[in-house]
Every structure is written in C-alpha cells, then in structure tokens.
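Asks: Kindly generate the corresponding structure for this input.
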Amino acid sequence: RKIKVFSGFSPNGDGINDTWNIAHAIEYGDRILVKVFNRWGEPVFEAKGYGGSNQWDGTRNGKPMPVGAYYYIIEVDDGKSKPYTGTVTILR
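Replies: Sure thing, here's the model as predicted:
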C-alpha cells in the first residue's frame, strides 16, 4: 500500500490531529525512516518505523516547535519507492 502523507497537523492537546499522520506508514515497520527538518536544515525529528505511539507530536526535545512549515524526507526500504519529500505545517 502506498503511504499518504498529510500536509499539516495541530498539536494543541485537543485530541484531534495532535500528531502528524502518515497513512499506511506503520505497515512498513522498521523499513520506513522519517526525518523532519526546520527551515535552517536542522533535524527536529527522526524515527525508524512510524505510527502508533511513534509519531511526531510537533516537539523537539520535549519542547513545542513554532507554528510553520517543516521539510520532511521519508525513505521506504521496499526496493522500488523513491523518497517522499515535501513540507508539513504545524498549526495551532
């Protein structure tokens, strides 16, 4: 199944879209690598395996990241997919 990357989320604690959702990512287990960077290219999140309790909640080292766009690279080790790239936006 092809993963679907959602373009934004709102980590404000209301229980709705509090983490960044990547549909079908959990099905790849450890064969998926998700990296998120701020506008200066600094890594703010990285996970091998994605989904369930292992999703980006809009924080870096436990501190909320500012509202704005973040660049992502998602690598799927299935022998055929090119990396998914784009931006994800934090809204509050």
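
Asks: only C-alpha atoms for contact and neighbour calcs from this point on.
Replies: Noted.

Asks: So in this protein, which strand runs the longest?
Replies: In the chain, taking DSSP state E as the definition, the longest strand is strand 68-76.

Asks: How far off centre is it?
Replies: From the chain centre to the centre of strand 68-76 is a distance of 6 Å (CA atoms, centre = their mean, to the nearest Å).

Asks: before we move on, what about stretch 16-36?
Replies: Worked out by CA atoms, centre = their mean, stretch 16-36 lies 6 Å from the chain centre.

Asks: same question, stretch 12-32
Replies: On CA atoms, centre = their mean, the centre of stretch 12-32 falls 7 Å from the chain's centre.

Asks: For the longest strand of the chain, buried residues please.
Replies: Ala69, Tyr70, Tyr71, Tyr72, Ile73, Ile74, Glu75, Val76 (16 or more other CA atoms under 10 Å).

Asks: What score does Ser53 have for pLDDT?
Replies: On the pLDDT scale, Ser53 is placed at 89.

Asks: before we move on, the earlier item: and the longest strand of the chain, which strands flank it?
Replies: Strand pairing for strand 68-76, using DSSP bridges, gives strand 32-37 (antiparallel), strand 84-90 (antiparallel).

Asks: how about the buried residues of strand 68-76 in TSV, adding pLDDT and distance to Lys63?
Replies: Shown next, in TSV, are the buried residues of strand 68-76 (pLDDT from 0 to 100; distance: CA to CA, whole Å):
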residue	pLDDT	distance to Lys63
Ala69	98	17
Tyr70	98	16
Tyr71	98	18
Tyr72	98	19
Ile73	98	22
Ile74	98	23
Glu75	97	26
Val76	95	28
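
Asks: Is it possible to get TSV of these that adds distance to Thr19?
Replies: Output for those, formatted as TSV (distance: CA to CA, whole Å):
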residue	distance to Thr19
Ala69	15
Tyr70	14
Tyr71	16
Tyr72	15
Ile73	17
Ile74	16
Glu75	19
Val76	20
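
Asks: Tell me the one of the residues you listed nearest Thr85?
Replies: Nearest to Thr85 out of those is Ile73 (CA to CA; 4.7 Å).
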